Structures are given as C-alpha cells and as structure tokens.
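Trainee: Okay, structure incoming, though there's no sequence with it:
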C-alpha cells in the first residue's frame, strides 16, 4: 500500500528516536497530524502556544537526544522562533517542522505566507523548504542529521500540498546516525600545554558545559596541579558535586571565590566554556582555552594557547604529561574563601522573612531539600537563576535546564513540560518567576491535559526583579516593573491543578513538603517572596551596606569583587579576618 509524504516523515522522525511532536494543529499541518494519529508510536502533544512547544522540545532534546516541534502556516510557525532560539543556543538537537501554504501560492503574498528560510536562518543550522515529494525525505534526513551532530536546530518547511502527496523512495539514506568521537589536540600542542602548566604554581580551572561527562578527569587534573575549580552556570551540574576543589561560579550569579581564584592565579585553564561576560575574565594573565568548538577559542579573552578537543579525552591525554604539584597554599586559600561565603549564604535560609516577604533563598533551600536525588530543575531567567544557582545542589544525578544563553523569560514552565515527558520516572521542579509564568500561563492547561506531575513553584515578588535591579544599578528609578498578578493558585485550580499559597514564612516548610508529597498530578505553589532580595552574597550586603545596596550591586554586576577581597590579595594568612 502506498503512503503519503506525511507518513514517510513520521517514520523518519521515529527512526531518529524522537517520540513526540509539540504542536498546535491546523490547516497546513493537518496531514501531518493525521499521520501521527495513525501511528501510535509517535505522540502529538497539543500545546496552547507554539513558543511553549519549542521550549518543551528544547528541554526534551537536552534530556533525550533529539526532539521535534511544529507550527502551522505563518503565525503558527512564527510563534516557534523564540523557543527555537533557546534550543539552538542551548545546543539542543531539535527538528522544527514549519508547514506553509501550498506550493502554487509561493511568492504571491498569500494568506499567512512567510519566507521560512529567512525567518529561521539565524536560529538554525539547517533550513530548507521541500517543494515536492522527492525533496522531502532527503531534506528531512539532512535536517535531523545536522541537528543531532551539530547540536542545534534544523527546520523543514513543509507545504500542506506536499504533505498529502504520495511518498517517493530515494537513493540516499532515510536513516540517521548518532555518531560519537574522541577529539584531542595534536601531541605537540599537548606537550606545550603540559610545559606551560608545569612552569606555573597558582593555577585556576574554570569549566563550562563542555565538561559534561568529564567530571572525574577534571577533578583529577585539579588534584594533580592543586587548582581550584570554578564553573559557569551550565557547568555547575557537572563540576560542583564530589569535587573537593570546587569554588563555585563567577559572574553576576556567582560568588567571590571563583572570581578571586581566576584573578589571583598565574594561569587560568578554560575547559569547555564560552562564558560570555568579559568583565569577569582576568587581564594580564596566562589563559589557556580548550574547546570542542574551535570557533570559540579566543573570542572572550586574550589567550596564551587555544586547543581543539573534547574535555574528557584531552584532559585524559594531558594528565600523564604533568608533574604533580605539592604546594596547596593557593588552593587552600581559595577553598577557605568559598567555605566562608557558603556559610554566610545561610543568613537568609535561617531567617525565613516575614508575611508576604518570604526570603526566596529560604524557599530555594527547601526545594533543594525536598526534591528527589535525580530531580530535574527548570528555572526562569532573572532572579530565579540566582536562587537556583546558589541553593540547588548538584549530586551527579540531577539536571538543571534554563535559558542560560538566550536568556528568555517564560522558559521554566514549558521546559518542565518537555522534561516531564522525556523523563516520566523523574521528578520535575519548575522554578518560575511571576513575570515569566504570566507570559505563557495558558500552557498550564497543557500540563493538566497530560497530567504531568510537575512541581510548579512561583517565586512571586510582584515585580520583574532582575530588571528592577538593573535599573537601580544604572541609577534609574524603577518604572513599569511592578506586576499586578492574578491569584496564581486560583488560576491553577481553575485549570484543574492543585494550588497552594504561601504567605506566612511559618508555613513555608510544611506547605512545600505537602507539595512534594502530592502524587495526584501537577501542583502549583504560589510563594509571596521578598521583592527587595538582591543578587549578592548576603554577608557582603549585611556587612558593607546595611541599607541601600546600590554601590555593592554595581560592583557585583561589573565583576568587581576587589573591594571585598583586597586584603586577601596581600596576605592569605589574614583570610579569617575578612569574614569575621
């Protein structure tokens, strides 16, 4: 029996290991929708906004290896763009199907016509439009192969009339291949790097997402050269746990120890990171960068050496060439700084705040406590990033997904949808801001429709908290950043989701525990948090500001911890005095 092009595409999607399509059906997508209906191996997830579907596909792909979303003609697939930017910049292998008007209408400024190639060019590695049945299977194979190997988005423009044509067998492959390889620098470069490391005594390691799967090798490297290990937000879950050398994150979300370690070292080794904030990099230091994407080398800092390789293979090849160092003084000083700062981060954990101004730090700390050991956390951009970075602990089994590079609002809830569908046996916790969840609030209905057991935690500070902070840093009065929110608990209950409101800090622990013990489906917890909580280490705020923290916030955003740690630079033996 002959099959349609839409059925052929469904078969190709399935052979690539993709299990679901996130989409809203309609007009030019109807043939694809019907093909999915007739093939129970593939699931159609009916989202309420295609943007949410693209975010969900991004998280799904990061956890499962590949995912798919779709949008119908014009407005339908235009809605995909923001979520696809997130997926592409996060390195998520996502196939996006952008259905279009019939081929005979191309170029006629037809109803809902868009230029698919121009529209998606900046957020994909591959974008083509299939104009006939012979083109579609070759384009689909190439798109999926590109997405999984280059780790990003590929887009197929899929006209409604082509979807209904009879499928054509092609000479080239309709299968896809998930290939892996070990990539290391050439021997001369490895020996040159080893010589450089062997000559230096104060070494700092800073790792990113490229260290995923290389935890043991990085820790062994740190042990051998007695180096503190800092990391980016995307490197946190790979490098924080079971690491006696870790000194946390740098950047706005980070803490002084990692910043100080990088600036006080003689040699900084960047491993698999494209950390974008150049003010946080030291100047006048020897900096080495190793990255699987050679195009990343040198675009953030002046390098002494740049090497192409995956982190696991490269570090493993480097280790035998290194001399073991014995002087731990620099390492121990940085570890001491980090341990003291972590102690002071408990300031707002021990004090839960007051009615309608619960400390978000305390709330995040309880999420960390109650979440399962293999939980998946999704976190909104903004202040939720701060609390998740500082209070959610890695253990080697947990994952954290956010819009860490694209920096979009509204990502946590739809990311949680994709995570829950990709990993149905793992707990999923969405850390949402009130501003973020408001943007895609309708997809609570999607969560309920599929009864996804997500813990949706709303940090309700009644404002765009990070934007407010940015305005203060610029010396501007905050304007139009306050939120007049609905009662999120009532909204959730109207959707059929269990809702919990927490206003009194005395109820914080018990009500969050109740939410995590609930097994009847999704639950939304609306926590009324302190809108004045700032993205800075509490000890520094309390000790140095005692009031308006504007100048300290400027230092934080500018990457200038020097005033806090100036005495440390001069003499490490006085470290305890800094933190008294």
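Mentor: Everything's here; your move. Please read all numbers here as calculations on a predicted model, not as lab measurements. Numbering: from 1, shown residues only.

Trainee: ok, residue 26 - contacts?
Mentor: 72-73, 76 (Cβ atoms under 8 Å, 6 or more residues apart in numbering). All C-beta spots, glycine's among them, are computed from the backbone N, C-alpha and C.

Trainee: I'd like the residues you listed as CSV, with distance to residue 117 appended.
Mentor: CSV is the format used below for the contacts of residue 26 (distance: Cβ to Cβ, whole Å):
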residue, distance to residue 117
72, 18
73, 15
76, 17
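
Trainee: Any of these buried? List them.
Mentor: By neighbour count, with 16 or more other Cβ atoms under 10 Å, the contacts of residue 26 hold 72-73, 76 as buried.

Trainee: where are the low-confidence patches of the stretch 401-550 of the chain?
Mentor: For the stretch 401-550 of the chain, applying pLDDT under 70 flags the ranges 469-470, 472-475, 534-550.

Trainee: What segments of it are helices?
Mentor: 412-422, 434-439, 444-449, 465-473, 488-494, 508-517, 538-544, 550-558 (DSSP state H, counting those that start in this stretch).

Trainee: Compute the number of surrounding residues for residue 175.
Mentor: Counted with other Cβ atoms under 10 Å, residues neighbouring residue 175 total 10.

Trainee: And for residue 179?
Mentor: Per other Cβ under 10 Å, the neighbour tally for residue 179 reads 8.

Trainee: just residue 187 next, same as before
Mentor: Residues near residue 187, counting by other Cβ under 10 Å, number 10.

Trainee: Tell me the spacing between it and residue 317.
Mentor: Residue 187 sits 9 Å away from residue 317, taking Cβ to Cβ, to the nearest Å as the criterion.

Trainee: Kindly report the same for residue 296.
Mentor: 20 Å.

Trainee: and the nearest residue to residue 384 once chain neighbours are set aside, what does it touch?
Mentor: Among residues not flanking residue 384 along the chain, residue 431 sits closest, at 4.7 Å (Cβ to Cβ, 6 or more residues apart in numbering). Taking Cβ under 8 Å, 6+ apart as the criterion, residue 431 is in contact with 364, 367, 377-380, 384, 387-388, 412, 457, 459.

Trainee: Just the element for residue 307, please.
Mentor: Taking DSSP states H and E as the criterion, residue 307 maps to strand 305-308.

Trainee: cool, and residue 2?
Mentor: Residue 2 belongs to no helix or strand, assigned by DSSP H and E.

Trainee: Can you check what pLDDT the model gives it?
Mentor: Looking at residue 2, its pLDDT stands at 82.

Trainee: if you look at the contacts of residue 431, which of them are in strands?
Mentor: The members of the contacts of residue 431 that map onto strands under DSSP state E are 377-379, 457, 459.

Trainee: Nearest to residue 161 among these?
Mentor: Of all the ones in strands among the contacts of residue 431, residue 161 sits closest to residue 378, with 38.4 Å by Cβ to Cβ.

Trainee: Which residue, other than its chain neighbours, is closest to the closest one?
Mentor: Leaving aside its sequence neighbours, residue 378 sits nearest to residue 415 (Cβ to Cβ, 6+ apart; 3.9 Å).

Trainee: what about the one you found, how many neighbours?
Mentor: Residue 415: 32 neighbours (other Cβ under 10 Å).

Trainee: any idea of the mean pLDDT in the host helix or strand of residue 13?
Mentor: Residue 13 belongs to helix 5-15 when assigned by DSSP H and E. Mean pLDDT, helix 5-15: 97.

Trainee: Check the protein and tell me which residue is nearest its centre.
Mentor: residue 402 (3.1 Å; Cα atoms, centre = their mean).

Trainee: how about the closest residue to that residue other than its chain neighbours, what does it touch?
Mentor: Distance criterion Cβ to Cβ, 6+ apart; nearest residue to residue 402, sequence neighbours excluded, is residue 379 at 4.6 Å. Neighbouring residues of residue 379 by Cβ under 8 Å, 6+ apart: 385, 387-388, 392, 400-402, 412, 430-431.

Trainee: circling back: just the closest of the contacts of residue 431 to residue 58, please.
Mentor: Out of the contacts of residue 431, the member with the shortest distance to residue 58 (by Cβ to Cβ) is residue 378, at 10.3 Å.

Trainee: What number of neighbouring residues does the closest one come out with?
Mentor: 30.

Trainee: now swap in residue 213 and tell me
Mentor: 12.

Trainee: That one belongs to a helix?
Mentor: No - counting by DSSP: H, G, I helix; E, B strand; the rest coil, one finds residue 213 to be coil, located in no helix.

Trainee: thinking it is in contact with residue 312, fair?
Mentor: Yes - at 5.7 Å, residue 213 counts as touching residue 312 under the criterion of Cβ atoms under 8 Å.

Trainee: C-terminal to the helix holding residue 13, what's the next element?
Mentor: Of the helices and strands lying after helix 5-15 in sequence (DSSP H and E), the nearest is strand 20-23.

Trainee: about what we covered before: out of the contacts of residue 379, who's the most crowded?
Mentor: Neighbour-wise, these (other Cβ under 10 Å) top out at residue 412, 33 neighbours.

Trainee: mind listing what that residue touches?
Mentor: The neighbours of residue 412, taking Cβ under 8 Å, 6+ apart as the test, are 378-380, 384, 402, 430-433, 436-437.

Trainee: How many residues are close by residue 520?
Mentor: With other Cβ under 10 Å as criterion, residue 520 counts 9.

Trainee: so how far is residue 242 from it?
Mentor: According to Cβ to Cβ, residue 520 and residue 242 sit 35 Å apart.

Trainee: What of residue 179?
Mentor: From residue 179 to residue 242 the distance is 30 Å (Cβ to Cβ).

Trainee: and residue 243, what does it touch?
Mentor: Taking Cβ under 8 Å, 6+ apart, one finds 215, 218-219, 222, 229 in contact with residue 243.

Trainee: Let's see that with 7 Å instead.
Mentor: Counting by Cβ atoms under 7 Å, 6 or more residues apart in numbering, residue 243 makes contact with 219, 229.

Trainee: Go ahead and report the secondary structure state at it.
Mentor: Going by three-state DSSP: residue 243 is coil.

Trainee: Quickly find the element holding the closest residue to residue 316 other than its chain neighbours.
Mentor: Leaving out its chain neighbours, the residue that sits closest to residue 316 by Cβ to Cβ, 6+ apart is residue 217, at 5.4 Å. Here residue 217 sits within helix 215-225, counting by DSSP H and E.
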